[in-house]
Structure formats: structure tokens, C-alpha cells
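Peer 1: Sharing a model that was predicted from the sequence below.
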Amino acid sequence: MRSIEDDLFPSTPGKVKIERTNMLNRQFYRCFASTSTMFVWALFLIALTASYLSFQSFVDPRNRHFAASWGGLNWEKQVRTSAQIRDSRHMSVLVTGAAGFVGSHVSLALKKRGDGVVGLDNFNDYYDPSLKRARKSLLNENGIFVVEGDINDARLLSKLFDVVAFSHVMHLAAQAGVRYAMKNPASYIHSNIAGLVTLLETCKAAVPQPSLVWASSSSVYGLNEKVPFSESDQTDQPASLYAATKKSGEEITHTYNHIYGLSITGLRFFTVYGPWGRPDMAYFSFTRNILQGKPITVYRGKNRADLARDFTYIDDIVKGCLGSLDTSGKSTGNTSPVTVPTLVSILERHLKVKAKKNFVDMPGNGDVPFTHANISLARSELGYKPSTDLQTGLKKFVKWPLRVVRHKHRLSLVLDISDHGGTTVASPAAMDLAMTQNRSTHMTTTSPRFKTLKQFQHDQIDHNKNSEASSRSWRGPRQSPASGGRP
Ligand SMILES: O=C(O)[C@H]1O[C@H](OP(=O)(O)OP(=O)(O)OC[C@H]2O[C@@H](n3ccc(=O)[nH]c3=O)[C@H](O)[C@@H]2O)[C@H](O)[C@@H](O)[C@@H]1O
């Protein structure tokens, strides 16, 4: 494998992006003539709509900033091949920002040691994309497929997780650079906040949930004066929007760990430099200008004090990233209590049916207000590591009839347990499939042998009211004697 350190890094001048018009700051003047007033109001409405759409473009994860081409059998094959691991001891990693400076180095290092790697990058033009294309070629030569797409594209992310059950995500895609935030603040919200949340939502829903390692920044220490900076220091005084978005990312990832049990490790990188680096960074642009005999601008602080950075060489950062992936805990899922209304809303989402909720005071019948297990002893003594979160578990529960049928009857996708005295129950998804598969047969939603869970629940309520044995009651699948027979 060719080492990227062996390659010369190309000289690629940075680009300056055109500043976005801030529609919200537009002013309009009051007009007294009636037609003119209407005209001005119409203009105002158009401006308001445009402002809204412009705002949505960085908060709405479904909005794409560019047309990406992905999908298809050949594309899926490339993704799968790239994700192949050398043997079962290795991990399959989705690397976001793979065509970036740190992303390309980390991808190559992972691949070299036998891990499966799939890259994702939007190839934006914050700096010359030809450098990113050159890095991509290098990755391709080393068997790494880089998908061209944005972390805000929820459909693409979910497709990637459908094709490959990634065990890890190395999240390095971001809008980098401290000073550029003055020129293009929206790009920081788009990538570092909206994109991060879209990625976390995908990881949360994935089965199994991957462990995530991501790049925060030394800039979160902001105006901190205590040196050296350490993890326990305060980070509530960011000095730039970039720093503020990275700090927000730290808070956002905390909540995804807390609520959904996602294993997340944030790394605060300190001014990373090296071959294949970013042309917008000082060491790079200084080198270029010095070679071209051009002057360089060296900033100074208060009282002409020299500025200083704890510069970190790329190889050390790569070691840190790989070490973090290797030692990252497994996503544990349900380590936090979930409120009962949340349980209901998850069920509603999976069943695609709205529950009729009656909220009443808790009866004094022995119920307790909450439970929350401390599983640390079970973890250390038994190696117990629950890995299914409630979202995933309920999804599996709701799809249960469909799975059983797949196992028993390959051609029919609906569970038929009528020969055990029960009534067939099908989840809405199973019903859709049953209708598709059996369009020309007698099977329809009105057939008495096929019910959705919703219909089944209604029947159960009626059945319980009558409190008598009913031939329509559902007994569930056959149980082994050891498990106690009927549920
Ligand atoms: O540590 C980090 O987290 C951050 O490190 C760098 O940010 P920065 O340290 O500002 O790196 P440079 O842009 O290369 O600047 C290095 C130093 O050179 C100075 N500089 C920069 C540009 C210039 O023309 N002149 C100049 O003196 C800067 O003020 C700074 O003190 C990266 O650009 C960020 O993306 C990263 O997140």
C-alpha cells in the first residue's frame, strides 16, 4: 500500500466564498398609495418566504445543497466491498469527511490494518475541491470507496446503514476554519449542527447501533486562561461561531448518549498539520507564500504578544482516532428510563396509528413512579451489556409477525397461526406486503383471517369486556414446554 506520506502534497490555493445575503435584515419602507402598498406587501411576502426557505436550507436535514448521485446495485456493491473486514476481529467504519485532511489519513490507516472503510464526503468548495478529489483517488487506489453525499441527507445515511451494518462511525465531516465563520455563518450551522443531528438520528435508529467517534475542537476552550487546557476546564466562553457550533455538538452528542445510549467519544483536536493538509491553514498558506516570495501576515495578540498553538502532527491524530475507535464502548441502548408517554409515542410511530390517550392519576395499586437500573455490577460481574434501545426493541416487536412468517413460510409474508386456535395478526407493514404478494388471491384487509395490530387490539378490548373465552383470542406462537407454554 502506498503511504500518503510518500506523496507530495499539491499546492492548492484556498477559495473565498461569496457571502450569503441575509434576507432577514432586509428593510422595507411603508408606502401610502394603495397599489404601491400591495406591491410592497407582495414583495415582503416573497422576501419572507425566501428567508424561511433560506433558513430551512440549513436547519432542515432533508434539504440537499447539491444533487448527489448514489444508489443502484453497482453502487451498493461498491459500498459493500469497501466495507469488507479482513476477519471478525476488525470493524466496519463509516468515515464522514473522508476526502478531508484528517478523514483521508484515518481512512487509509484503518484500511491498512484490515478494517472495512466506507467514506462519505460532500466535496464542498470551502477550499479547492481538486485537493479533495486527489485524496479520493488515493483512497480509491487503496480499496476505499468514497460516497459523494452530504451528512444532511438522511435518506442516503439510512441507505448506507441498510447496505452495511457499520460497527463504528468516525465522524470528521465539518465546516472547519475559525475565521471563515465571519463570512459564511450558515455553513457552520448546516454541517456542524444540522448535519451532526441527522447523523446521530441515523445512528440511533441503526440496528445494531454503531459506536461513534467525532472531532470536536480545541477552540471550545475559547477564552479560557487556565493552561494547559484539559477536559475538565470550563468551555462556556467560545470565541468564534465555529467554536460555538463545536461546543453545541458536544452538548448534542451528550444528549444522544444520555437518552439513546449511543456510545459517543468526542475528540478535541489541536491545530492539526501535515501532508495532504488544508490550504486554508496558516502553516500551509505560509509555506506557499514563502516559496512564491510573497509576504505573509502574522497576527499578534494584545500588547503585541505572539499567538501560540499546540500544533499536532497528523500521524499522532490518526493514532488517537484509531485508539478511540478501538476503545469505544458499545452503544448500550436502554440505560436511561424512558417516560411512558415516550413509550406510547414510539409505538404510535411504529404502528402508524395514533393512540387514544386518557391521562388519569396513578392508582394506589402497588405501582411505582419510576425505575432506573444501575447495571454496573452486572456489567462487571456478568459482562452484561444490554444493546437494544427501546426504539429498536419496539420496532422489532411490532414487526414480529412478519419475521416469524418469513422463517416459516417463505412465500407468504403474513403470520398464520389459525391452526393453533388463534387469529392471524399482522403488523401494518406485514399487511402491506401481504397485499402486494397476494394481489390475485382472496387475501385482502377485509379477510377475517387477517388483521392489523390495531384491529386486533380493538377485538381484544371487546373480548376482555365480555370476559369470556373467545375462539378469536390470539395465543401467540407455539411455546416450548420449558418456557411455560402459552404466554
Ligand atoms: O485547533 C483547532 O481546533 C482548530 O485548529 C485550526 O485553527 P487555528 O488554530 O486557528 O489554525 P490556523 O488557521 O492554521 O492558524 C494558526 C495560527 O496562525 C495565525 N494566523 C493565521 C493566518 C494568518 O494569515 N496569519 C496568522 O498569523 C492564527 O491567528 C493562529 O494563531 C483549524 O483551522 C480549525 O479547523 C481547528 O478546529
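Peer 2: Here it is on my side, so go on.
Peer 1: Show me what from the stretch 51-200 of the chain comes close to the ligand.
Peer 2: Residues of the stretch 51-200 of the chain that fall close to the ligand, judged by Cβ under 6 Å from any ligand atom: Ala176, Gly177, Val178. Any C-beta I mention is one placed from the backbone N, CA and C, and that applies to glycine too.
Peer 1: For the stretch 301-450 of the chain, which residues are neighbours of the ligand?
Peer 2: So far as Cβ under 6 Å from any ligand atom goes, the stretch 301-450 of the chain lies against the ligand at Leu307, Arg309.
Peer 1: all helices for the stretch 301-450 of the chain, in order.
Peer 2: Ranges of helices in the stretch 301-450 of the chain, per DSSP state H, counting those that start in this stretch, are 314-327, 340-351, 376-382, 390-398, 400-408, 428-437.
Peer 1: Now do the buried residues in stretch 169-181.
Peer 2: Val169, Met170, His171, Leu172, Ala173, Ala174, Gln175, Ala176, Gly177, Val178, Tyr180, Ala181 (16 or more other Cβ atoms under 10 Å).
Peer 1: Could you do stretch 235-243 as well?
Peer 2: Thr235, Pro238, Ser240, Leu241, Tyr242, Ala243.
Peer 1: which one among those gets closest to the ligand?
Peer 2: Tyr242 (6.8 Å; Cβ to the nearest ligand atom).
Peer 1: Correct me if wrong: Ala355 contacts Leu343.
Peer 2: No. Ala355 lies out of contact with Leu343 (Cβ atoms under 8 Å); the separation is 10.3 Å.
Peer 1: residues contacting Thr342?
Peer 2: For Thr342, the contact set (Cβ atoms under 8 Å, 6 or more residues apart in numbering) comprises Leu390.
Peer 1: ok, so what distance separates it from Asn358?
Peer 2: Separation of Thr342 from Asn358 (Cβ to Cβ, to the nearest Å): 17 Å.
Peer 1: Next, count neighbours for the residue of the stretch 351-487 of the chain found nearest the ligand.
Peer 2: Per Cβ to the nearest ligand atom, Asp389 is where the stretch 351-487 of the chain lies closest to the ligand, at 31.4 Å. Neighbour count of Asp389, defined by other Cβ atoms under 10 Å: 25.
Peer 1: now swap in Leu307 and tell me
Peer 2: 9.
Peer 1: Same check on Gly143?
Peer 2: Residues near Gly143, counting by other Cβ under 10 Å: 14.
Peer 1: Over to it. Which of the three states is it?
Peer 2: coil (DSSP: H, G, I helix; E, B strand; the rest coil).
Peer 1: distance of it from His168?
Peer 2: 18 Å.
Peer 1: How about Thr253?
Peer 2: Taking Cβ to Cβ as the measure, Thr253 falls 15 Å from His168.
Peer 1: Mind telling me which residue of the stretch 51-200 of the chain is nearest the ligand?
Peer 2: For the stretch 51-200 of the chain, Cβ to the nearest ligand atom, closest residue to the ligand: Ala176, 3.6 Å.
Peer 1: For that residue, give me the pLDDT.
Peer 2: On pLDDT, Ala176 comes in at 96.
Peer 1: just checking, it touches Arg278?
Peer 2: Yes. Between Ala176 and Arg278 there is a contact at 6.7 Å, judged by Cβ under 8 Å.
Peer 1: got any residues that touch both of these two?
Peer 2: Joint contacts of Ala176 and Arg278 (Cβ under 8 Å, 6+ apart) are Gly100.
Peer 1: Compile the buried residues of stretch 169-181 into TSV and extend it with columns for secondary structure.
Peer 2: Output for the buried residues of stretch 169-181, formatted as TSV (three-state DSSP):
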residue	secondary structure
Val169	strand
Met170	strand
His171	strand
Leu172	coil
Ala173	coil
Ala174	coil
Gln175	coil
Ala176	coil
Gly177	coil
Val178	coil
Tyr180	helix
Ala181	helix
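Peer 1: Please tabulate those in JSON lines and include distance to Ala98 as additional columns.
Peer 2: Converted to JSON lines, the buried residues of stretch 169-181 look like this (distance: Cβ to Cβ, whole Å):
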{"residue": "Val169", "distance to Ala98": "12"}
{"residue": "Met170", "distance to Ala98": "9"}
{"residue": "His171", "distance to Ala98": "11"}
{"residue": "Leu172", "distance to Ala98": "8"}
{"residue": "Ala173", "distance to Ala98": "8"}
{"residue": "Ala174", "distance to Ala98": "13"}
{"residue": "Gln175", "distance to Ala98": "16"}
{"residue": "Ala176", "distance to Ala98": "14"}
{"residue": "Gly177", "distance to Ala98": "19"}
{"residue": "Val178", "distance to Ala98": "23"}
{"residue": "Tyr180", "distance to Ala98": "21"}
{"residue": "Ala181", "distance to Ala98": "23"}
